[in-house]
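> Need coordinates for the following:
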Amino acid sequence: MPIELHETVVALMRDVARDIVMPRYQNLRTEEISEKAADDLVTIADKESEIRLAEGLARILPEAGIIGEEACAADPAILERAGDGLNWIIDPIDGTGNFAAGRPPFGIMIALADAETTLAGWILDPLTGRLCHAILGAGSHIDGAQVHARESGDALPVAALAVYFMTPEERADIQQRSAGNFALVDIPRCAAEQYPRLVLGQNDVSVFARTLPWDHAAGTLFVNEAGGCCQRLNGSPYRVGDLRRGLLGASSPRLWDLAAEKLFA
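Numbers count the residues shown, from 1 in each chain. Down below sits the predicted model:
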């Protein structure tokens, strides 16, 4: 089923990027940006993008539910449906902090999940037009070409650690454990950019504290289908609807094992 839906989903995402997201980029008024929680912004473009995506996805597959980031912010009970039945999962603008500041990266992320299993995921960069997608059992693709995850090849594996949702104690511990084992780089504060970096040989390891489905359902599938490895810190698979903290991604199973040993053993 996801293969048959692919072109229609991509067309919808590109339409929303063109008609809603990009016209607002570097063109937001102060009153069009608000704070849902500390360090968690939402803009009028997020809301309008989600409405348009939800309407379009409901037409594409009417039997699927809709779980959108902004709908869940308004009604947290919607998130309880994650992991139950067939659902579209929408991040209307991932990297909203960047988008609101008028800088890249940011992206649109959509996943289709059946119960706890992600069947397909799409990640669109509205600025460049790059489209990453994966379908369970059918590999990962960028702009239509199949891709295979590769390591950076650097002397020390390159690690991008999303520590801003960690406690101060967790942050200090992981930074100490990284010393001498990994070359730390800045994170993009955008899962829609971080996951492709693991596949493209730019980053070798990434750690996420929060694991909300709109941030991670599409990206984990994309990395795993490309031959990388993205799992819970204990080695169990990522499951939609499981909101536990902690997710470790790597460009190869070898580097996942190394990171799990050095950072979390």
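
> Enumerate every residue touching the nearest residue to residue 239 once chain neighbours are set aside.
Leaving aside its chain neighbours, residue 239 sits nearest to residue 116 (3.9 Å; criterion: Cβ to Cβ, 6 or more residues apart in numbering). Any C-beta I mention is one placed from the backbone N, CA and C, and that applies to glycine too. Listed by Cβ atoms under 8 Å, 6 or more residues apart in numbering, the contact set of residue 116 reads 83, 239, 240, 241, 242.

> And residue 116, how close does it get to residue 237?
Remark: distance between residue 116 and residue 237 (Cβ to Cβ, to the nearest Å) = 9 Å.

> What segments of the stretch 51-200 of the chain are strands?
In the stretch 51-200 of the chain, the strands defined using DSSP state E, counting those that start in this stretch lie at 65-68, 86-94, 107-114, 117-124, 131-135, 140-142, 145-147, 158-161, 183-184.

> can I get those strands in a markdown table with mean neighbour count, distance to residue 231 and mean pLDDT?
Putting the strands of the stretch 51-200 of the chain into a markdown table (neighbours: other Cβ atoms under 10 Å; distance: least, Cβ to Cβ, whole Å; pLDDT from 0 to 100) gives the following:
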| stretch | mean neighbour count | distance to residue 231 | mean pLDDT |
| --- | --- | --- | --- |
| strand 65-68 | 22 | 22 | 98 |
| strand 86-94 | 26 | 19 | 98 |
| strand 107-114 | 27 | 17 | 98 |
| strand 117-124 | 24 | 13 | 98 |
| strand 131-135 | 24 | 16 | 98 |
| strand 140-142 | 20 | 16 | 98 |
| strand 145-147 | 12 | 20 | 98 |
| strand 158-161 | 22 | 16 | 93 |
| strand 183-184 | 16 | 21 | 92 |
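
> Adding distance to residue 223, write those strands out as TSV.
Formatted as TSV, these follow (distance: least, Cβ to Cβ, whole Å):
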stretch	distance to residue 223
strand 65-68	21
strand 86-94	15
strand 107-114	13
strand 117-124	10
strand 131-135	8
strand 140-142	8
strand 145-147	10
strand 158-161	13
strand 183-184	20
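
> Nearest to residue 48, out of these?
Closest approach to residue 48 among the strands of the stretch 51-200 of the chain (Cβ to Cβ): strand 86-94, 8.0 Å.

> partners of that closest one in the sheet?
Its sheet considered, strand 86-94 pairs with strand 65-68 (parallel), strand 107-114 (antiparallel) by DSSP bridges.

> just checking, residue 86 touches residue 114?
Yes - Residue 86 is within contact range of residue 114, at 5.3 Å (criterion: Cβ atoms under 8 Å).

> quick one: residue 206 from residue 69, how far?
Using Cβ to Cβ, residue 206 is found at 20 Å from residue 69.

> The two - which one has more neighbours?
residue 206 (27 against 24; other Cβ atoms under 10 Å).

> Look up which residues are beta-bridged to the residue lying closest to residue 156 once chain neighbours are set aside.
Excluding the flanking residues, the one nearest residue 156 by Cβ to Cβ, 6+ apart is residue 183, at 4.2 Å. Assessed by DSSP bridges, residue 183 has beta-bridge partners residue 158.

> got the angle between the longest helix along the chain and strand 107-114?
Identified as the longest helix of the chain according to DSSP state H is helix 44-60. Relative orientation of helix 44-60 versus strand 107-114 (axes from the mean of the first three to the mean of the last three Cα atoms, to 10 degrees): 30 degrees.

> In the stretch 151-265 of the chain, what residue spans correspond to helices?
168-178, 191-199, 213-225, 253-259 (DSSP state H, counting those that start in this stretch).

> Show me which positions of the shortest one end up buried.
I take that to be helix 253-259. Residues of helix 253-259 classed as buried by neighbour count (16 or more other Cβ atoms under 10 Å): 255, 256, 258, 259.

> The first one too?
By neighbour count with 16+ other Cβ under 10 Å, helix 168-178 contains the buried residues 174, 177, 178.

> The first one contacts residue 159, correct?
No - with contact defined as Cβ under 8 Å, residue 174 does not count as touching residue 159 (9.4 Å).

> hmm, what's the outermost residue in this protein?
Computed with Cα atoms, centre = their mean, the maximum C-alpha offset from the centroid of the chain is found at residue 180, amounting to 28.2 Å.
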